[in-house]
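K.L.:
All I have is the shape, not the residue letters:
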């Protein structure tokens, strides 16, 4: 289908050119703000809705696990009601894309704003438009506040902005096209994500079998004495982790920049440096000059870095460090664990990556915040360790290196596909809602 012939500059941030016959209208002339408050006794049971930069508008229970959602407020009086087709904006995060067109009637936070399209306009066209990077940049510039965490896009500022407005026929065609094409893209992304989870489960199974059963299916077995471990090869031992640890170190909390240390700079690791159960040295923050005298515990090779404090599912996350990193230091939330000579440290790391050990540490974690838990050094050291003879440890490590590398490559391919599709989807939406790609 041929594209538009004539264009004009929209004069809106980085929106660029739009078809010449499209209008440019102040948002306040396209939408009304709706303030309809929920009151106890309303017969209709309306769902509580959440607004996210990632998925737009959704029923809150569908996006928050049952064990982490807060109990429904005793009184929702004062919350705002929205109807299908209303644009709901989290004014604190509009600049990050936390707004969208609601497919539901529901209740939203009293801190959110609800907007309803005037006249003959398709609100889903604006849903796609307002969530583009070009528009979130505009929203950021026009939000009030000193720092990002304090930015707010209040209704007067929002309504003072302008938007390109195609004819209603074009709006409807754009929405129909984008609904269909983004659904197809999202379907492929969902399949890729499902594949990644299958690969991860496969990898976890391979690790668990290798570190608890060995590689010889015909070896004689014995009872380990630990229920979750079950039987182990007869020549293997079960002991506490503390029996093979020679030293556990930790660093200090220091002021640091948000960017990684440059070459030659000194950085402190972030907890995310082990959040994928592998050591990622690039996950660090450059230490401020005035804090250099306080840093301690440089990262040493042939050790395991362990997260003693993290989200519940990542307490105990760890990574094997192959060689020294003299310019990287530990914070207080990470341990650096050294081992005695009778163990292959990388074998212990594989063992600590097994799902059962991860679940064990998660079950022991505690803390005042449900989103941040910790384990004590004693709890970490008291985990059971299945330990084969040293030569067998080396063979298992070689086997797992090969198998896990293959699986990690497959996962990386899927992650690249997801990244490429997400980028393509964003680019496509921007081109369509600004008329650079014609779909009518």
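P.N.:
It's in. As the structure is a prediction and not an experimental result, all values here were calculated from the model. Residues are numbered from 1 along each chain as shown.
K.L.:
got any ranges where the stretch 151-300 of the chain has weak pLDDT?
P.N.:
The stretch 151-300 of the chain contains no residues with pLDDT under 70.
K.L.:
ok, what's across the strand from residue 231?
P.N.:
Counting by DSSP bridges, residue 231 forms beta bridges with residue 223.
K.L.:
That one is in contact with residue 224, isn't it?
P.N.:
Yes - between residue 231 and residue 224 a contact is recorded at 6.5 Å, counting by C-beta atoms under 8 Å. Yep, even glycine has a C-beta here, placed from its N, CA and C like the rest.
K.L.:
Name the residue in the two with the higher neighbour count.
P.N.:
A direct count of neighbours by other C-beta atoms under 10 Å for residue 231 and residue 224 places residue 224 higher, at 18 against 12.
K.L.:
is it true that residue 298 touches residue 324?
P.N.:
Yes - with contact defined as C-beta under 8 Å, residue 298 reaches residue 324; the gap is 7.4 Å.
K.L.:
So between the two, which is more surrounded?
P.N.:
Taking neighbours as other C-beta under 10 Å, residue 298 and residue 324 compare with residue 298 leading, 16 against 13.
K.L.:
So residue 404 versus residue 349, what's the distance?
P.N.:
Applying C-beta to C-beta, to the nearest Å, the value for residue 404 to residue 349 is 11 Å.
K.L.:
Pick out whichever of these two has more residues nearby.
P.N.:
Under the criterion of other C-beta under 10 Å, the comparison of residue 404 against residue 349 puts residue 349 first, with 24 against 18.
K.L.:
And the more buried one, its phi and psi?
P.N.:
The phi/psi pair for residue 349 (degrees, to the nearest 10) reads phi -60, psi -50.
K.L.:
Spatially, what comes nearest to it if we skip its sequence neighbours?
P.N.:
Nearest non-adjacent residue to residue 349, counting by C-beta to C-beta, 6 or more residues apart in numbering: residue 320, 4.0 Å away.
K.L.:
Which strands or helices does the helix or strand containing the one you found pack on?
P.N.:
Taking DSSP states H and E as the criterion, residue 320 maps to strand 318-321. In terms of contacts (3 or more C-beta pairs under 8 Å, 6 or more residues apart in numbering; DSSP states H and E), strand 318-321 is packed against strand 303-307, helix 345-353.
K.L.:
Buried residues, that strand. List them.
P.N.:
Within strand 318-321, the residues that qualify as buried are 318, 319, 320, 321, counting by 16 or more other C-beta atoms under 10 Å.
K.L.:
May I have the strands that pair with that strand, each with its orientation?
P.N.:
Short version: by DSSP bridges, strand 318-321 pairs with strand 303-307 (antiparallel).
K.L.:
Residues contacting the strand it pairs with, please?
P.N.:
With contacts defined as C-beta atoms under 8 Å, 6 or more residues apart in numbering, strand 303-307 is touched by 269, 271, 273-275, 279, 299, 314-321, 330, 333-339, 345, 348-349, 352, 380.
K.L.:
Domain boundaries for this protein, per the record?
P.N.:
The chain breaks down into these domains under automatic domain parsing: 7-165, 237-387.
K.L.:
Redo these as CSV? Include distance to residue 418.
P.N.:
Formatted as CSV, these follow (distance: least, C-beta to C-beta, whole Å):
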stretch, distance to residue 418
domain 7-165, 13
domain 237-387, 15
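K.L.:
So for residue 422, which of the ones you listed sits nearest?
P.N.:
Residue 422 lies closest to domain 7-165 among those, at 10.6 Å (C-beta to C-beta).
K.L.:
re the thing from before, just the buried ones out of the contacts of strand 303-307, please.
P.N.:
Neighbour-count burial (16+ other C-beta under 10 Å) applied to the contacts of strand 303-307 gives 269, 271, 273-275, 279, 299, 314-321, 330, 333-337, 339, 345, 348-349, 352, 380.
K.L.:
which residues of the stretch 301-440 of the chain fall in helices?
P.N.:
Secondary structure of the stretch 301-440 of the chain (DSSP state H, counting those that start in this stretch): helices at 345-353, 355-364, 377-381, 390-433.
K.L.:
Thanks a lot, see you next time.
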